[in-house]
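Engineer: Generate a structure from the sequence data that follows.
(one chain, ligands or ions: 1)
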Amino acid sequence: MKPFHAYFQSINGNDTYPLDEVIYRSKVDGSLLEVHHDRDALAERSPDEWKKLFAERRMSFKPADMSGVWSKREMVLPEIPEEDIVTLREGWSPLFDAQALAKEIGLKKLWVKLCGNSHTGSFKDLGMTVLVSQVNSMIKRGKPIDAVACASTGDTSAALSAFTAKAGIPSIVFLPRGKTSVAQLIQPISNGSIVLALDTDFDGCMKIVQQVTADNRIYLANSMNSLRVEGQKTISPEICQELGWNVPDTVIIPGGNLGNVSALAKGFDDCLAMGLIDKKPRIVLAQAENANPFFQAYQRGFDKLVPVHAKKTLASAIQIGNPVSYPKAERAIKNYNGIVIDVSEDELANAAERADKIGLYACPHTGVALGALLKLRAQGAIDKDEEVVVISTAHGLKFTEFKVAYHKQELEGISAKYANPIFEAPAELGPVMDILQKEMANRRR
Ligand SMILES: *Cc1c(COP(=O)(O)O)cnc(C)c1O
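Structural biologist: As a prediction, the model looks like this:
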């Protein structure tokens, strides 16, 4: 048997680097790196053998097996010693059956992959378990790394803090002051990170963190670091496995820095290479109108990325004007017959709240993806015979301010179609019954 092996390779050239080197871009031309796997070694097991192994791990109680990410470890970081893995039981998030909404909009099947049902409440846990495990392994083997740092719109810092705290590694997070939710801000504070709120936006924080990590003793944890992509890509085999190794027709994902859509495509690439699936889904990338540089580039035929000043959006985690993973995302959209679309604040807010009425608890970013679904279905770009998966990127509980303001109808410029006001009444049967009779009749319509 060939041993499993992975290494960094630049997306443009053939320069390669070992995974324990502190490196984020090609030394030749500065292009992004990605993790390459020895596909011959992976192909020595038949698709049926892999499927059997993955099914067995689903029933195991070993920590690495119980993680959705590490249950696919040969595809992720095949050489890491199992005792170096830092896991918080990430992955295996619910695939929510949204058939009630599918019926309303005339669609064959609809699921929502709840990646926010996770330790820190967003999909960022999937990538961070891989990055922190690798750093943990490097430190154990004598690499001089003092801390791990990231710039964040809120969720990356929460994930970094939790995983580094578990591993006992110091961490530093840079947040744009006043642009994250309270729930996002308090997580790294509680987990003991050094927290800096800077008077800038995410793109400004990204610049600072790149300068801080130019000294290799502080390791960069942003998704420019391609280790994160390896964890996030397990969303794709996980969805297929949950669907009995069937492939949905379309997967819709919201994007800001564009690491996650790149990961989604890479996950399907790997599944195809390993023979686990035999067809490609179409990938739809959804942005907020207020922060849509990728949509604009798509409309111009992907001539090039023109960074924009990202305006305020309820989908604060994707308020990004200069996405780092643009080249990978362009490739993902081209390889997966993709569509890029943007949605307004009104559309994303109402889509999230409409979905909540069938039992979801959607964050604004999930609202962006759901809004894209509604729009594309209305346009006929998504056909009624399709099976669709929407990627939900965070838990609604991280965005309570949005939810409260929506239902109080206090969101400027948004007509809250699904607002559900509280009825205040004296504790007396008469007035209570009046309200109940009226409201129950309303809901029966
Ligand atoms: C990070 C994040 C995104 C965007 O992912 P990118 O990889 O930056 O495109 C979307 N939604 C939520 C909730 C996030 O935290």
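
Engineer: my guess is residue 25 meets residue 34, correct?
Structural biologist: No. With contact defined as C-beta atoms under 8 Å, residue 25 does not reach residue 34; the gap is 11.3 Å. The way it works is simple: take the backbone N, C-alpha and C, and place the C-beta from them, glycine included.

Engineer: what is in contact with the two at once?
Structural biologist: Common neighbours of residue 25 and residue 34, using C-beta atoms under 8 Å, 6 or more residues apart in numbering, are residue 10.

Engineer: does the closest residue to residue 292 other than its chain neighbours sit in a helix, a strand or a coil?
Structural biologist: Of all residues not flanking residue 292 in the chain, residue 342 sits nearest, at 4.4 Å (C-beta to C-beta, 6 or more residues apart in numbering). In three-state terms, and counting by DSSP: H, G, I helix; E, B strand; the rest coil, residue 342 is strand.

Engineer: dump the residue contacts of residue 342.
Structural biologist: Counting by C-beta under 8 Å, 6+ apart, residue 342 has contacts 286-289, 292, 295.

Engineer: for residue 101, same thing?
Structural biologist: Residues near residue 101 by C-beta under 8 Å, 6+ apart: 110, 354-355, 358.

Engineer: tell me the contacts of residue 222?
Structural biologist: By C-beta under 8 Å, 6+ apart, the neighbours of residue 222 are 150-151, 156, 206, 209, 228, 257, 324.

Engineer: Quick check on it: phi, psi?
Structural biologist: phi -70, psi 170 (degrees, to the nearest 10).

Engineer: Check residue 174 too.
Structural biologist: phi -110, psi 120.

Engineer: Look up how far residue 214 lies from it.
Structural biologist: Remark: distance between residue 174 and residue 214 (C-beta to C-beta, to the nearest Å) = 14 Å.

Engineer: Ok, residue 1 next?
Structural biologist: Taking C-beta to C-beta, one finds residue 1 at 41 Å from residue 214.

Engineer: Who has more neighbours out of the two?
Structural biologist: With neighbours defined as other C-beta atoms under 10 Å, residue 1 and residue 214 compare such that residue 214 has more, 9 against 6.

Engineer: quick one: stretch 105-118 near the ligand?
Structural biologist: No. Stretch 105-118 lies out of reach of the ligand by C-beta under 6 Å from any ligand atom, never closer than 6.9 Å.

Engineer: er, stretch 240-255 actually
Structural biologist: Yes. Using C-beta under 6 Å from any ligand atom, stretch 240-255 reaches the ligand at 254-255.

Engineer: Which residues in that stretch does the neighbour count mark as buried?
Structural biologist: For stretch 240-255, burial by neighbour count (16 or more other C-beta atoms under 10 Å) applies to 240-243, 245, 247-255.

Engineer: likewise stretch 188-197?
Structural biologist: 188, 191, 193, 195-196.

Engineer: what's the neighbour count on residue 18?
Structural biologist: So residue 18, with other C-beta under 10 Å, has 10 neighbours.

Engineer: show me where the stretch 101-250 of the chain has strands.
Structural biologist: 109-114, 147-151, 171-176, 194-198, 218-220, 250-254 (DSSP state E, counting those that start in this stretch).

Engineer: Tabulate the ones you listed (JSON lines), appending distance to residue 123 and mean pLDDT.
Structural biologist: Shown next, in JSON lines, are those (distance: least, C-beta to C-beta, whole Å; pLDDT from 0 to 100):
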{"stretch": "strand 109-114", "distance to residue 123": "9", "mean pLDDT": "98"}
{"stretch": "strand 147-151", "distance to residue 123": "15", "mean pLDDT": "96"}
{"stretch": "strand 171-176", "distance to residue 123": "18", "mean pLDDT": "96"}
{"stretch": "strand 194-198", "distance to residue 123": "22", "mean pLDDT": "96"}
{"stretch": "strand 218-220", "distance to residue 123": "19", "mean pLDDT": "96"}
{"stretch": "strand 250-254", "distance to residue 123": "10", "mean pLDDT": "98"}
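
Engineer: can you put those strands in a markdown table and add distance to residue 318?
Structural biologist: Shown next, in a markdown table, are the strands of the stretch 101-250 of the chain (distance: least, C-beta to C-beta, whole Å):
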| stretch | distance to residue 318 |
| --- | --- |
| strand 109-114 | 17 |
| strand 147-151 | 14 |
| strand 171-176 | 13 |
| strand 194-198 | 19 |
| strand 218-220 | 20 |
| strand 250-254 | 6 |
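
Engineer: Which of those sits closest to residue 126?
Structural biologist: strand 109-114 (11.2 Å; C-beta to C-beta).

Engineer: Which positions in this protein make contact with the ligand?
Structural biologist: So the chain meets the ligand at 122, 124, 155, 223, 254-260, 317-318, 363, 365, 393-394 (C-beta under 6 Å from any ligand atom).

Engineer: The same query, at a cut-off of 8 Å, please.
Structural biologist: Neighbours of the ligand within the chain, by C-beta under 8 Å from any ligand atom: 116, 122-124, 153-156, 223, 232, 253-263, 315, 317-318, 320, 323, 325, 329, 363, 365-366, 368, 393-394, 398.
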